[in-house]
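In: With the input below, show me the fold.
(2 chains)
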Amino acid sequence: MTVVRIPPTLREQTQGQATPEARGTNVRELLDDLTSRFPALRERIYEDGGLASFVNVYVGGEDVRTREGLETPVAEGDTVILLPAMAGGRLASFAGERPGNRGDVGSGS
Amino acid sequence: MATPVGTSEVRAEEARERLEGSDAPLLIDVRTDRERRVASIPGSVHLPMNEVGARLAEVAPDPNRPIITFCATGARSLRILPTFAALGYEDAVSMSGGIVAWQALGYPTESATALDEEKLARYSRHLLIPEVGAEGQQRLLQTSILLIGAGGLGSPAALYLAAAGVGRIGIVDDDRVDASNLQRQVLHSTEELGESKAESARRTLEDLNPDVTVVTYEERLTSENVDRILSEGWELVVDGADNFPTRYLLNDASVWHRIPVVHGSIYRFEGQVTVFKPFEGPCYRCLFPQPPPPELAPSCAEGGVLGVLPGVIGSLQANEALKLSLEIGEPLIGRLMLFDALAARFDEVAVRRDPNCPVCGEHPTITDYIDYVEFCGIPGS
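Out: Numbering: from 1, shown residues only, chains lettered A, B, ... in the order given. So this is what the prediction gives:
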């Protein structure tokens, strides 16, 4: 079994679990196993059959995109980390404030 | 300095050789007054970047005489060369690595200000560390660091940078102090509710350390103002922005201006820190080619954040900024540090340059500012 670390923004999809375990010899099998138990997670991290471009997956501290993608092997005891980008502050604030104003974006988390 | 030298640059060694030879070029210091007071190269003339257009002819009456420009590390003096060319001074090159490289080779400098009694006392704990010392402290005093946001991350970062004696600190923030900020934004206080965050920050930082000059920009970072702001001599940016469009805009601008960014982000109990040093390490787009769709990217305002978390992450950003300024230690270039406050644990993952990165890759496809709000999938109206 391999521990998969789930970021706070995806924990709603894992019923609050931060470090669920999953089985698989590569990333694809591992995520298949995990998302079979948490189907809502699948919708969040997959896009057109592949990993969504805004989610990074790390095996042993390396981004699987720099290795073999979903075929990257996972060994017993590896830590797998799912990581989407985090903005920091109040995303909603400018979305409605300045509609259509090109490049007018906020600052100050 | 192992940095590559372009055709518009000379290494400090070659610069010194040419300066000591016959037909010596004119050596022009394009830094600020403050920087020049701390250390300058004997025989150089002073022409701050923002005065080049008005005073170049006065400083260099003969446009055919070769010119060597320098600044702190060689970025500004390289960037100003097209202005020299436009004014008819074609034979101008920039000294790569700037006065920092010059000093590293042990070449002579002169100083108008040594550390006085007050500074010796204030910075005594820095002076005791060999990696900082008097030279490092003087360097901090002439360093310019720009903070995007005087909020949760910017607060601790700014406080520690000011306390450390970073001579010039810029604050970009158009927001006002709100009651909901005070749980974590330690630059501001209850009596400053409703005031401009940039002004509140200035007051706090200048009270803390009168050696610091605070430059405020009470505006939101936009495609229209980012070039102007980044051109004002900032050597380093600390990114404490609160949204994806600003982060992608800042990334693209900092790559094009070649200014390193110390990145931090937070949500609930978890934070991320890394350093993006253009063309030496990955950029934000190499790490996250795309932001999550807005419905998958809850903000701190929606999801909340533990008050002390930005204290940890912002302090780590200050740590990286000081290391980069002093050129000591191992900066978080190509490494993303993850902090989980609940587990009390740090993790680290590798971040590599993406050869296909649309901004810093081998064949960039984004070469000018885009519509960042649209790029981040945020509905207009």
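
In: Quick one: mean pLDDT over the lengthiest helix in chain A.
Out: Across chain A, the helix with the greatest residue count (assigned by DSSP state H) is helix A:27-37. In this model, helix A:27-37 carries a mean pLDDT of 96.

In: Tell me where the model's unsure across the stretch 51-200 of chain B.
Out: Segments of the stretch 51-200 of chain B classed as low confidence (criterion: pLDDT under 70) are B:112-113.

In: what residues does it put near chain A?
Out: Taking C-beta under 8 Å from any C-beta of the partner chain as the criterion, the stretch 51-200 of chain B approaches chain A at residues B:148-154, B:172-175, B:197. Using the backbone N, CA and C atoms, a C-beta is placed for each residue, glycine as well.

In: Of these - the most surrounded one?
Out: Of those, B:Leu153 is surrounded by the most neighbours, 38 neighbours in total, counting by other C-beta atoms under 10 Å in any protein chain shown.

In: who's in contact with that residue?
Out: Going by C-beta atoms under 8 Å, 6 or more residues apart in numbering or on different chains, B:Leu153 touches A:88, A:109, B:238-240, B:264-266, B:310, B:313-314, B:317.

In: quick one: it and B:Gly307, what's the gap?
Out: Using C-beta to C-beta, to the nearest Å, one obtains 12 Å as the distance from B:Leu153 to B:Gly307.

In: Check B:Pro355 too.
Out: For B:Pro355, the distance to B:Gly307 - C-beta to C-beta - is 41 Å.

In: So if I had to pick from the two, which one is more boxed in?
Out: B:Gly307 (13 against 10).

In: wait, what's in contact with that one?
Out: In this structure, B:Gly307 makes contact with B:183-184, judged by C-beta under 8 Å, 6+ apart.

In: repeat that with 10 Å
Out: With contacts defined as C-beta atoms under 10 Å, 6 or more residues apart in numbering or on different chains, B:Gly307 is in contact with B:152, B:182-186.

In: Is it within a helix or a strand, and which one?
Out: Under the assignment given by DSSP states H and E, B:Gly307 is not contained in any helix or strand.

In: On the three-state scheme, residue 56 is what?
Out: All of this refers to chain A. At A:Asn56 the chain is in strand, as set by DSSP: H, G, I helix; E, B strand; the rest coil.

In: let's do chain B instead
Out: Each residue gets one of three states, and B:Leu56 gets helix by three-state DSSP.

In: I'd assumed B:Leu81 was in contact with it.
Out: No: using C-beta atoms under 10 Å, B:Leu56 is not in contact with B:Leu81; the gap is 11.8 Å.

In: what do those two both touch?
Out: Shared between the contact lists of B:Leu56 and B:Leu81 (criterion: C-beta under 10 Å, 6+ apart) are residues B:67, B:89, B:92.

In: For those residues, which single residue is the most surrounded?
Out: The most crowded member of these, judged by other C-beta under 10 Å, is B:Ala92 (25 neighbours).

In: Who is that residue paired with across the strands?
Out: Partner residues in beta bridges with B:Ala92, using DSSP bridges, are B:Ile67.

In: distance of it from B:Arg31?
Out: Distance of B:Ala92 to B:Arg31, given as C-beta to C-beta: 16 Å.

In: again, but for A:Thr19
Out: When C-beta to C-beta is the yardstick, A:Thr19 and B:Arg31 sit 50 Å from each other.

In: Comparing these two, which residue is more hemmed in?
Out: Relative neighbour count places B:Arg31 above the other of A:Thr19 and B:Arg31, with 26 against 11, counting by other C-beta under 10 Å.

In: who's in contact with residue 61?
Out: Looking at chain A here, since you left the chain open. Each residue near A:Gly61 by C-beta under 10 Å, 6+ apart is listed here: A:78-79, A:81, B:335-336, B:347-350.

In: Chain B, not that one
Out: Contacts for B:Pro61 (C-beta under 10 Å, 6+ apart) come out as B:Leu26.

In: Do me a favour and average the pLDDT over stretch B:326-340.
Out: Here the mean pLDDT over stretch B:326-340 is 97, rounded to a whole number.

In: on that earlier part again, now the buried members of the contacts of B:Gly307.
Out: Applying a neighbour-count criterion of 16 or more other C-beta atoms under 10 Å in any protein chain shown, the buried members of these are B:152, B:184-186.

In: Which one of those residues is nearest to chain A?
Out: The shortest approach to chain A among these belongs to B:Gly152, at 4.9 Å (C-beta to the nearest C-beta).

In: which one is that closest one nearest to, not counting chain neighbours?
Out: Counting by C-beta to C-beta, 6 or more residues apart in numbering or on different chains, B:Pro310 is the residue found nearest to B:Gly152 once chain neighbours are left out, at 3.3 Å.

In: Distance of whichever residue of the stretch 51-200 of chain B sits closest to chain A relative to B:Ser155?
Out: In the stretch 51-200 of chain B, no residue comes nearer to chain A than B:Gly149, which is 3.6 Å away by C-beta to the nearest C-beta. As judged by C-beta to C-beta, B:Gly149 and B:Ser155 stand 9 Å apart.

In: Now do the shared contacts for the two.
Out: Taking C-beta under 10 Å, 6+ apart as the contact criterion, the residues that touch both B:Gly149 and B:Ser155 are A:109, B:185, B:197, B:201, B:240, B:314.

In: any chance of these in a markdown table, plus secondary structure?
Out: Putting the shared contacts of B:Gly149 and B:Ser155 into a markdown table (three-state DSSP) gives the following:
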| residue | secondary structure |
| --- | --- |
| A:Ser109 | coil |
| B:Gln185 | coil |
| B:Lys197 | helix |
| B:Ala201 | helix |
| B:Gly240 | coil |
| B:Gly314 | helix |
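
In: What residue in chain B comes nearest to chain A?
Out: B:Asp242 (2.1 Å).

In: Show me where chain B has its strands.
Out: Under the criterion DSSP state E, strands of chain B are mapped to B:9-10, B:26-29, B:45-46, B:67-70, B:92-95, B:144-148, B:168-172, B:213-217, B:236-239, B:261-267, B:270-276, B:335-340, B:345-350.

In: Equivalent analysis for chain A, please.
Out: Under the criterion DSSP E, strands of chain A are mapped to A:2-5, A:21-22, A:46-47, A:50-51, A:55-59, A:62-63, A:79-84.

In: Return the per-residue confidence for the residue nearest in space to the middle of chain B.
Out: Within chain B, the residue whose C-alpha comes closest to the C-alpha centroid is B:Leu236; the distance, by C-alpha atoms, centre = their mean, is 1.1 Å. Listed pLDDT for B:Leu236 reads 98.

In: isn't it right up against B:Leu324?
Out: Yes: counting by C-beta under 10 Å, B:Leu236 does reach B:Leu324; the two are 5.9 Å apart.
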